[in-house]
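**Student:** curious how this folds, go ahead:
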Amino acid sequence: MDFKRIQILLLVFFVMFDIYLFYLLSEKSPFNQTSHNATAQVNTLQEIRSRGIVLSERVHINDEHPELPIIKVDSNDELKEASEQLENQSFSLTPEGVLTSRFTHPLDLDISLGEDNKILSQKDFTWIWEHILSNPKYFIQGAKYLNHWYSPQDNMISVRMVVDLSTENSDNQVIPISDGTAELRLLLDDDYRLQSYIQSFQANPRVLEAPKRLISSHEALEVIQNRIDTTLPNDSTIISMSLSYYQSVNTQNFKIYTPAWEIIYFRRESSQTQSILVDALRGKVVEVKSLTSN
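**Tutor:** Below is the predicted model:
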């Protein structure tokens with residue numbers, strides 16, 4: 001083999017090697033990754049919409065990866081120990097510490113919610129929080145329940161406790177506990193008076209570990225969409241998608257709460273409002289037990 005032929009072979013080799021390196025770099029470049037993520041996001045949204053699912057204008061899906069810590073809560077008997085403060089109601093407690101109560105006389109609510117208005121406004125909730133929830137004769141630690149939503153088909157206001165992660169150097173950040181283990185379910189009668197409630201309570205949540213990288217809201221939707229038995233019906237309108245906490249570990253002495261994406265949706269055919277939780281660390285749908293008095 002002469003020298004000139006060797007030069008040509010080496011030149012061809014280096015050209016091919018340069019092309020290969022360029023391919024690897026382009027695959028890992030931010031532009032290409034962004035393009036891939038955007039395409040995947042569009043595909044997921046197209047698949048969801050093709051099933052007749054609607055996204056509310058206030059629901060924003062993206063590929064950002066937020067960070068939240070894992071939370072630890074010590075077990076407590078607060079509802080049992082403080083139940084003597086309750087007045088004008090009859091109540092019972094389950095072994096798990098869930099309190100169920102019915103008022104002797106339903107409480108009138110000075111709010112706009114009614115037959116002609118099925119939306120609980122922020123003004124309505126503020127009145128309920130100031131005059132009803134914060135009254136120790138009516139509720140135990142009721143002022144600690146801040147995150148709310150209204151279910152028209154059940155005529156029920158769900159109010160959840162929140163984990164305050166705000167610091168002096170960060171923006172206001174409060175994350176609701178959305179699995180029913182730190183919740184007040186306010187049950188209204190046909191005249192939209194408060195007749196009874198179910199309460200669960202958690203005391204003094206604290207950060208257990210440094211914040212962890214979570215899946216994006218887009219990835220959470222993919223988890224739901226890719227399930228064989230999808231938990232999101234075809235007649236759904238997604239009205240909210242936000243970060244929350246759910247109880248992932250429950251022992252006799254403490255409980256662990258893990259970040260999750262909560263998807264609240266409205267079923268147009270049955271007029272039902274329901275929710276799904278997706279573990280934001282493991283990327284799987286969470287099976288949540290119903291909060292009942294049984």
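**Student:** how near is residue 90 to residue 219?
**Tutor:** Separation of residue 90 from residue 219 (Cβ to Cβ, to the nearest Å) stands at 47 Å. C-betas here are computed from N, CA, C, even on glycine.
**Student:** more neighbours: which of the two?
**Tutor:** Legend: neighbour count by other Cβ atoms under 10 Å for residue 90 and residue 219, higher for residue 219 (20 against 11).
**Student:** residues contacting the most centrally placed residue in the chain?
**Tutor:** In the chain, the centroid-proximal residue (Cα atoms, centre = their mean) is residue 262; its distance is 2.6 Å. Residue 262 makes contact with 176, 178, 240-244, 275-277, according to Cβ atoms under 8 Å, 6 or more residues apart in numbering.
**Student:** rerun that using 6 Å as the cut-off
**Tutor:** 178, 242, 244, 275, 277 (Cβ atoms under 6 Å, 6 or more residues apart in numbering).
**Student:** just to check, residue 82 is in contact with residue 140?
**Tutor:** Yes - assessed by Cβ atoms under 6 Å, residue 82 is found in contact with residue 140 at 4.6 Å.
**Student:** those two: who's more crowded?
**Tutor:** More neighbours surround residue 140 than the other of residue 82 and residue 140, with 21 against 15 (other Cβ under 10 Å).
**Student:** would you mind listing the buried residues in stretch 178-186?
**Tutor:** Neighbour-count burial for stretch 178-186 flags 178-186 (criterion: 16 or more other Cβ atoms under 10 Å).
**Student:** swap that for stretch 135-154, sorry
**Tutor:** 138-142, 144-145, 147-151.
**Student:** and stretch 194-209, by the same measure?
**Tutor:** 194-202, 205.
**Student:** next, the distance between the ends of that stretch.
**Tutor:** 40 Å (Cα to Cα, to the nearest Å).
**Student:** repeat for stretch 189-204
**Tutor:** So stretch 189-204: terminal residues 33 Å apart, Cα to Cα.
**Student:** pull the distance from that stretch to the chain's centre.
**Tutor:** Centroid separation between stretch 189-204 and its chain, computed with Cα atoms, centre = their mean, to the nearest Å, is 20 Å.
**Student:** how far away is residue 52 from residue 46?
**Tutor:** From residue 52 to residue 46 the distance is 13 Å (Cβ to Cβ).
**Student:** with residue 252 instead?
**Tutor:** 48 Å.
**Student:** these two: which has the busier surroundings?
**Tutor:** Neighbours were counted for residue 252 and for residue 46 using other Cβ under 10 Å; residue 46 has more, 9 against 6.
**Student:** quick one: residue 213 and residue 68 touch, right?
**Tutor:** No - using Cβ under 6 Å, residue 213 is not in contact with residue 68, being 9.3 Å away.
**Student:** re earlier: quick check: bridge partners of the residue nearest to the centre of the chain?
**Tutor:** Residue 262 forms beta bridges with residue 242, residue 277, as assigned by DSSP bridges.
**Student:** give me the pLDDT for the nearest residue to residue 76 once chain neighbours are set aside.
**Tutor:** Spatial nearest neighbour of residue 76, chain neighbours left out: residue 203 (4.4 Å); criterion: Cβ to Cβ, 6 or more residues apart in numbering. Here, the pLDDT recorded for residue 203 equals 92.
**Student:** ok, residue 96 - how many residues close by?
**Tutor:** By the measure other Cβ under 10 Å, the count of residues near residue 96 is 10.
**Student:** any stretches of the chain with poor pLDDT?
**Tutor:** Scanning the chain for pLDDT under 70 picks out 1-42, 168-170, 228-230, 288-294.
**Student:** domains in it, by residue range?
**Tutor:** Listed by automatic domain parsing, the domain ranges of the chain are 1-50, 54-294.
**Student:** among the ones you listed, which is the most enclosed?
**Tutor:** domain 54-294 (a mean of 16; mean count of other Cβ atoms under 10 Å).
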